[in-house]
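*Asks:* Have a look at this prediction, sequence included:
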Number of protein chains: 2
Amino acid sequence: MTVIEEMGAKAKAASRILANAGEKKNDALRAIAQALLDNSDKIIAANKTDLEKGKENGLSASLLDRLMLDRKRIEGIAQGVLEVAALPDPVGTVISGSVRPNGLKISKVRVPMGVIGIIYESRPNVTVDAAVLCLKSGNAVILRGGKEAINSNMCLAEIMRGAVEQTGLDRNSVQLIEDTSRQSSTELMGLTKYLDVLIPRGGKGLIRAVVDNAKVPVIETGAGNCHVYVDEYADLDMAADIIFNAKTSRPSVCNAIETILVHKAVAEKALPLIKARLDEKNVELRGCERTRAILGDCVVPADESDWETEYLDYILAVKVVDSFDQAVEHIAKYSSGHSECIITGNYKNARLFTEKVDAAAVYVNSSTRFTDGGMFGLGAEIGISTQKLHARGPMGLNELTSMKFIIEGDGQVRV
Amino acid sequence: MTVIEEMGAKAKAASRILANAGEKKNDALRAIAQALLDNSDKIIAANKTDLEKGKENGLSASLLDRLMLDRKRIEGIAQGVLEVAALPDPVGTVISGSVRPNGLKISKVRVPMGVIGIIYESRPNVTVDAAVLCLKSGNAVILRGGKEAINSNMCLAEIMRGAVEQTGLDRNSVQLIEDTSRQSSTELMGLTKYLDVLIPRGGKGLIRAVVDNAKVPVIETGAGNCHVYVDEYADLDMAADIIFNAKTSRPSVCNAIETILVHKAVAEKALPLIKARLDEKNVELRGCERTRAILGDCVVPADESDWETEYLDYILAVKVVDSFDQAVEHIAKYSSGHSECIITGNYKNARLFTEKVDAAAVYVNSSTRFTDGGMFGLGAEIGISTQKLHARGPMGLNELTSMKFIIEGDGQVRV
């Protein structure tokens, strides 16, 4: 057995205890929150090692900021853990049930997945967030974080393992892979004997690598090439407000928009209004010819690659379209299936847009920035699925569970 | 573009029409049923070519029987298509919904997956069954059947494509890969740009190959190493009846049992009763030492491989266990997570068994042979999932769908 296979076997054993651990899971979560606070100094010291190495290796200021843990951030993480503890337990919920003509009682009951693997990049708070969501939903977790945060992650994982053990659960409910070589993540992706699902959290490259190489079931997360379509029947002030919010409130996240499509009938009025709002944040516009004819040379000429790109920056592609259908076609061609929006006052177009556009979240007259577990009322979020199998859109605790059928009889046989 | 990529692109285009095709899907299904009947002679002639080749290549009598289509079987297939047409349409069902404090209305609505790939082995009826379940749930399908049935499959696919077109839908809603080389299935497994899910139907080797090689999301189906545990509080006549049914009513299917575990306190009474029933069908028993001590040398000595094997035959492994816990441990170790059963009159043990055993279907006092879409009241079945992601146990029409969030607002932005 390799080290990672051993971890898999230990996680499987731990998951069997967690599967029916009930309120003990919340005890463990509260113990984790307390232990994080009690061990802040230790965490900050470990984090300092990562930060120093990061500086030596020339990490950018923004990456160093994502990596950094101080007392305030640790308190925030601990508070988040307590909030997860306060959520209802998904395990045991009866999803549906019936009595068959032969008297068999069949119920479909929510159960944990078993063992969940999480592969993620630099932010050490993911170590805690992901672990507690898995624990709360009754799953054992194997964490594989990025090498930049390895000292912080090892410290956080050890603290969580201690807290879990202290409440009488198996400390191997949470495990961290300390080897941050490519080899270790490849091995995790092939751990079909023990892993029930693997969730990658991070940039496009990471997610692509996991989807291409994993033999275990994967939930693809993240990529968001999102659009707002300004229909000919749009309230143009509303359009400008929503576009401003969807582009600039946090450009680096997946639910921010990357392209707007504007119906030709309103383009001359709408585009200057939209540009005026976006100028407040110095958003660079990259437009089609018709956009440039209206807004002038301040708009960079757009090419094919602009329709495909998730900028994650203060850049927005702009295209004038001839019709509702052309907008829907553009979205069908370039959307990553994350979040898509129409601004319209027309009932039929609103209805058609929600029917025809194939994405995790389809909006009418509201900002795509709402695609988020918290905003949707799920309580917490492990990520946003952009695949269609199992989970689509924001994933809360329910999405970390599976189900089983329980069939109760009194001697029935199949004739 | 390769041939298979082109098929993917065509399927994607067809799936967009199917997504909102409503009642037209049922028109297509009824047209398919009629076309199958109208073209029986053609189908039988194509099937004859396959049967002749099969004989030349030395296929076994049972394989030849699975391959064979006659008028009666075609009528049965057509009848099955009409039954699927009569089922409720899963698409558009609102799964849940809420109004958020800011006035956003969020609903989670069932939508088709998009494009489904099915890889299967010799039985040509799967060509029709799988295609109509996909169509009914609004999905385009790419079929990759086994080479033994290729002439039958091509004929069936062409008939279905014509019927689909005749009702005004895209004929590429159904496509069959005519190249039956390994290369074509490998390419299908990597078609991430177009395929939303791939479902393998067949033997262990096929399913293993798909799970190991696919880059697209897969639903693993099939393997069933199922157990009946006869508890110390079991009604022994009921135990014998259920074991007889679960082993012998159709030994070749995945919900048949392969091993029984008998509590030591009742083994001396139970084993002769059970054996007497199984002797009616000449079931070979392979037992542990204690089983042989009770039943004698007519029981073949079991070794480790017997606990692991899905015989799919008139063979049953038998083990005497010391306790409830030992039975649960044995199942945890050897079960494929398909169907598991306890026979008991004890409330606590029934409850504990359903909690502790991790399988798609957990039974109390009833035959594992009920794990089946029809028996569970799902109306139809595309297969039985033994993974935990997305679907577990019998998969009906709902399991061939995904969902999307529809968010309706009147100008909301995220603050």
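*Replies:* Arrived safely.
*Asks:* Count the neighbours of the residue nearest to A:Gly379 when sequence neighbours are not counted for me.
*Replies:* In space, A:Gly379 comes closest to A:Leu87 once its chain neighbours are excluded; the distance is 4.5 Å by Cβ to Cβ, 6 or more residues apart in numbering or on different chains. Placement of C-beta: from N, CA and C, glycine included. A:Leu87 has 17 neighbouring residues, counting by other Cβ atoms under 10 Å in any protein chain shown.
*Asks:* And A:Leu87, what's its pLDDT?
*Replies:* A:Leu87 carries a pLDDT value of 96.
*Asks:* From chain B, how far out is the closest residue to A:Thr180 other than its chain neighbours?
*Replies:* Using Cβ to Cβ, 6+ apart and skipping residues adjacent in sequence, the residue nearest A:Thr180 is A:Lys147, 3.7 Å away. Using Cβ to the nearest Cβ, to the nearest Å, A:Lys147 is found at 26 Å from chain B.
*Asks:* Averaged pLDDT, the helix or strand hosting A:Ala163. What do you get?
*Replies:* Assigned by DSSP states H and E, A:Ala163 belongs to helix A:150-166. Helix A:150-166 shows a mean pLDDT of 98.
*Asks:* If you count contacts, what does it end up packed against?
*Replies:* Secondary-structure packing of helix A:150-166 (3 or more Cβ pairs under 8 Å, 6 or more residues apart in numbering or on different chains; DSSP states H and E): helix A:24-38, helix A:40-56, helix A:125-136, strand A:174-176.
*Asks:* Give the buried residues for it.
*Replies:* Across helix A:150-166, burial judged by 16 or more other Cβ atoms under 10 Å in any protein chain shown covers A:150-161, A:163-165.
*Asks:* Please identify which of those residues is nearest to A:Ser15.
*Replies:* Nearest to A:Ser15, judged by Cβ to Cβ, of the buried residues of helix A:150-166 is A:Val164 at 12.7 Å.
*Asks:* still on that earlier bit, what about the residue nearest to A:Gly379, which helix or strand?
*Replies:* Going by DSSP H and E, A:Leu87 is not in any helix or strand.
*Asks:* any idea how far chain B is from it?
*Replies:* 16 Å.
*Asks:* Verify the stated contact: that residue with A:Leu378.
*Replies:* No - if you go by Cβ atoms under 8 Å, A:Leu87 and A:Leu378 don't touch, sitting 9.0 Å apart.
*Asks:* Now do the shared contacts for the two.
*Replies:* A:Leu397 (Cβ atoms under 8 Å, 6 or more residues apart in numbering or on different chains).
*Asks:* List, one by one, the residues from the stretch 151-300 of chain A near chain B.
*Replies:* A:192, A:196-197, A:211-212, A:215, A:217-219, A:235, A:238, A:241-242, A:244-246, A:249 (Cβ under 8 Å from any Cβ of the partner chain).
*Asks:* Which among those residues count as buried?
*Replies:* A:192, A:196-197, A:211, A:215, A:217-219, A:235, A:238, A:241-242, A:244-246, A:249.
*Asks:* tell me the contacts of A:Thr180?
*Replies:* A:Arg144, A:Gly145, A:Gly146, A:Lys147, A:Ile150.
*Asks:* what's the neighbour count on the residue lying closest to A:Leu236 once chain neighbours are set aside?
*Replies:* Nearest non-adjacent residue to A:Leu236, counting by Cβ to Cβ, 6+ apart: A:Ala270, 4.8 Å away. Around A:Ala270 there are 24 other residues, counting by other Cβ under 10 Å.
*Asks:* next one: phi and psi at A:Ala270?
*Replies:* Note on A:Ala270: its backbone torsions stand at phi -70, psi -40 [degrees, to the nearest 10].
*Asks:* okay but it is in contact with A:Tyr233, surely?
*Replies:* No - A:Ala270 is beyond contact range of A:Tyr233, at 11.7 Å (criterion: Cβ under 8 Å).
*Asks:* what about the closest residue to A:Gly396 other than its chain neighbours, which SS state?
*Replies:* Distance criterion Cβ to Cβ, 6+ apart; nearest residue to A:Gly396, sequence neighbours excluded, is A:Leu378 at 3.2 Å. What DSSP: H, G, I helix; E, B strand; the rest coil gives for A:Leu378 is coil.
*Asks:* Tell me, how many residues neighbour A:Leu378?
*Replies:* Considering only other Cβ under 10 Å, A:Leu378 is surrounded by 18 other residues.
*Asks:* surely it meets A:Pro394?
*Replies:* Yes - under the criterion of Cβ under 8 Å, A:Leu378 makes contact with A:Pro394 at 5.7 Å.
*Asks:* isn't there a strand covering A:Ile106?
*Replies:* Yes - with three-state DSSP as the criterion, A:Ile106 is assigned to a strand.
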